[in-house]
Every structure is written in C-alpha cells, then in structure tokens.
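> No sequence on hand, only this structure:
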C-alpha cells in the first residue's frame, strides 16, 4: 500500500525547528494547530524506548500560545475555566480545562501566568484564540489577544534533568511541576518549565524568538550528548501507558470534564462565575452518562487506531475505544475507552470492533504503568497532542 503524502503550503506552518528536525532524521509529520509536527525519527517503538530509558528532544512548537493581556486579562482567563484560579501567581503554571456553555471540553491547556495582567494558554489542537476573542468581544472586556512568537521544545525522559541543568544551570532542578522561569541562554530568550506530555519527567523550553530555532535545537542536542540524547516526538505508546489524555481523541466538545476524569479541576461553588457553570452543576447532580476507562484488548498485536473503534456489550452499543496502542513493556494491546456507565456498573462483558476483528476487552486501572521519575509538585492527567 502506498503511503499517503502530506502537501505543505503557507497555511500549514513550519516551526522554527523544522529544518533541524529534518536534518536529524524526522521521517513523518502530522498537522496540529495548523502546523507541522514530527511524528517519527527511527521508528515509533525505537523512539519510545529512547524516551523511557534515556532522554529525547521534541519539536512541539505546535503547542501554540494564546496570550491574554490587559486590564481584564485575569477576568477573561477565569471566565474560560471551571478551575479555581484564586491562588494563581506568576511562575506557577496550572493545568486547566476550558469548557463551553454546555460543559463541553473546548481545550485542556496549561496556563502560564507571566504577570498579573499577562497569561499564556499553552493549547492542544483547537482554535482557542478564536473562542477567546468571541468571549472577550461578547463581554466587552479590555484585553489584547494574540498568538505570540513562542515555540516550545520538550526535553523528556529520566535523564532530562541533568541535561537541562548542564544547559541552564542547577536552578532548574528546584522547579516544581508546571512551574517556570523566564531566562536568557546567551542571548536566546526562553521560558523554562518543568512540564511535558509524558510521565518520564522533563522540561519545556519556550523559545521567545523564532530566529533562534536552529541554534536552540543544536545547543540542547550538544548539551545532551553525554546522556545519549536522541530526537523524538510525543509518544502515543508512552502517553497511553501513563494514562495521559489527548484532546480530539479522548475528549472534545461532546465530552465534559466529569466523563474524562477531570472533575477535580471543576470548582463549581467558587465565588467567581465562569462559562458552563450551570451545565456542569446539572451534570454533577444528575451523574455522568459515560466514563473514560483504561482497557486491555486481547489477542495479537493490533494496528494503530486511526478512528474510534466501537464497543459492544452483549451486541449493544456501549461506547468506543478512543485511543489504542501495543505496549512493548506490558506486551499487550492497551487503550482508553469512553463507555456507557450503566454497562460498567452492570459489569457487562465488552467487545471492541477493530480492523482485525472483534476483540474481548477487559478493564484496567489508570495509569497502566507508574511514572519513571518523581515529578515534583506533579499532577498532569492530560496533555497536548
């Protein structure tokens, strides 16, 4: 079968690291937030082993920043999320669900408070800038909204910390999870955060001037040479093993935070009002109809999931497998599934309809595997990509 080709045009943007990723062997790309993101270097499984055993560098410039600034910046940010931000302070990032008026998931960014009147939303794959502009205009808020020249690189893996320390200094070791610091690397303007879309530990380097893309990439690769650094990309294998959610796959506007395990970020009784409050209160009172769970699919190794696989319970539609992959460490097909709660409570046997035929499905607690490292101040249950 001929591999599909991806056409590149101006509207499909390249990151400041694009040429470096090609030079270092990127074999495949996807489109995310209207940008090209590397998917594979050596192979999905080889890249995965480099991540869980060592350290890898990812071009995740597709994690675009929506910058909210101005006198009403904090009011707009609070309006967009059910999470209580009353303790928000510069330098301490937070993972926040964004919901619409029906309680549906708009996105699940990391919020980076740069100042009392300036914030970044580091977003997953959806047009949050347009959503924010609509809310600001409708509420008559005094804010400036833009996508700044900011492009993250992710340094991920159990050996990430010594590489970051060699590059930036020992202060990075003291960063708590999702905390960040503005800094300068020999003239390269950065925000350095302890974060990233894996549970193997790591940092994200938010480049604040795209002209330095090639230089920053090569500086990090050179610093990581003693630890056998490799180029990599967000790993579907590792993120499912770790129970990290993917916006667009495991959640979207048709799912709410309670269904996908994000209810702990919904502070519905806080004094500040927010979009979707009434809907989320109603959902909480009535109870969710569906629930996202971990699943194991029996039998031989399955192909990668390109679209949701239907789930059946005694021949009746029961939901869908939203993400699935073969785990080399567990030697099993594992995944995430959104399942009708009444069938879960009845402990009905589940079957997935896959491209390789029907497969019995068993439930599994999340995460499938514990994190490799202690992520100080941790708490990421989802992520981007």
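That came in fine, so what should we check first? All values derive from a computational prediction rather than experimental measurement.
> So which residues of the stretch 251-385 of the chain form strands?
Applying DSSP state E, counting those that start in this stretch to the stretch 251-385 of the chain gives strands spanning 290-297, 309-313, 316-327, 332-340, 350-354, 357-364.
> so which of the ones you listed gets nearest residue 173?
strand 316-327 (30.5 Å; CB to CB). (Glycine included, C-beta is placed from N, CA and C.)
> Can you give the distance from stretch 169-187 to the centre of its chain?
21 Å (CA atoms, centre = their mean, to the nearest Å).
> End to end on it, go ahead and measure it.
End-to-end distance of stretch 169-187: 15 Å, with CA to CA, to the nearest Å as the criterion.
> same thing with stretch 184-195?
19 Å.
> buried sites along stretch 238-256?
Buried residues in stretch 238-256, defined by neighbour count with 16 or more other CB atoms under 10 Å: 238-247, 249-251, 255-256.
> just checking, which of these belong to strands?
With strands defined by DSSP state E, no entry of these lies inside them.
> Would you mind pulling the contact partners of the one helix or strand in the chain whose mean pLDDT sits lowest?
Least confident helix or strand of the chain, by mean pLDDT, DSSP states H and E, is helix 341-345 with a mean of 92. Here helix 341-345 makes contact (CB atoms under 8 Å, 6 or more residues apart in numbering) with 287, 288, 289, 290, 291, 293, 313, 316, 318, 319, 350, 363.
> List just the nearest of the residues you listed to residue 138.
residue 288 (28.7 Å).
> What about that closest one, how many residues nearby?
Taking other CB atoms under 10 Å as the criterion, the count of residues near residue 288 is 16.
> before we move on, back to that, are any of the contacts of helix 341-345 buried, and which?
Buried among the contacts of helix 341-345 (16+ other CB under 10 Å): 288, 290, 291, 293, 313, 318, 319, 350.
> which ones are touching the fourth one?
Remark: with contacts taken as CB under 8 Å, 6+ apart, residue 293 is in contact with 336, 337, 339, 344, 363, 364, 366.
> Can you select the buried ones among those for me in PyMOL?
Buried residues among the contacts of residue 293 (16+ other CB under 10 Å), as a PyMOL selection:
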select buried, resi 336+337+339+344+364+366
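> and which of the contacts of residue 293 is nearest to residue 266?
Nearest to residue 266 among the contacts of residue 293, counting by CB to CB, is residue 366 at 18.6 Å.
> For the closest one, report the pLDDT, please.
On pLDDT, residue 366 comes in at 96.
> Now for the residue lying closest to it once chain neighbours are set aside: which residues touch it?
Spatially, and ignoring its direct neighbours in sequence, residue 366 is nearest to residue 243 (3.6 Å; CB to CB, 6 or more residues apart in numbering). By CB under 8 Å, 6+ apart, the residues touching residue 243 are 294, 336, 366, 367, 368, 381.
> Please enumerate the strands of the stretch 51-200 of the chain.
Under DSSP E, counting those that start in this stretch, the stretch 51-200 of the chain gives strands at 56-59, 65-69, 94-95, 98-99, 105-107, 110-115, 118-122, 144-146, 151-156, 180-185, 188-193.
> Contacts for the fourth one, please.
The set of residues external to strand 98-99 that reach it, using CB under 8 Å, 6+ apart, is 80-82, 105-109, 121, 128, 131, 256-257, 275-276, 279-280.
> List the strands paired with that strand, with their directions.
Under the criterion DSSP bridges, strand 98-99 sits next to strand 105-107 (antiparallel) in its sheet.
> And the last one, by the same measure?
Sheet partners assigned to strand 188-193 using DSSP bridges are listed as strand 180-185 (antiparallel), strand 202-207 (antiparallel).
> same check, this time on the first one
Paired strands of strand 56-59, with direction, are strand 151-156 (antiparallel), strand 230-232 (parallel) (DSSP bridges).
> Between those, which one is closest to residue 199.
strand 151-156 (9.4 Å).
> Relative to the whole chain's centre, how far out is the closest one?
12 Å.
> Report the buried residues of it.
151, 152, 153, 154, 155, 156.
> same thing with stretch 104-118?
Residues of stretch 104-118 classed as buried by neighbour count (16+ other CB under 10 Å): 104, 105, 106, 107, 108, 109, 110, 111, 112, 113, 114, 118.
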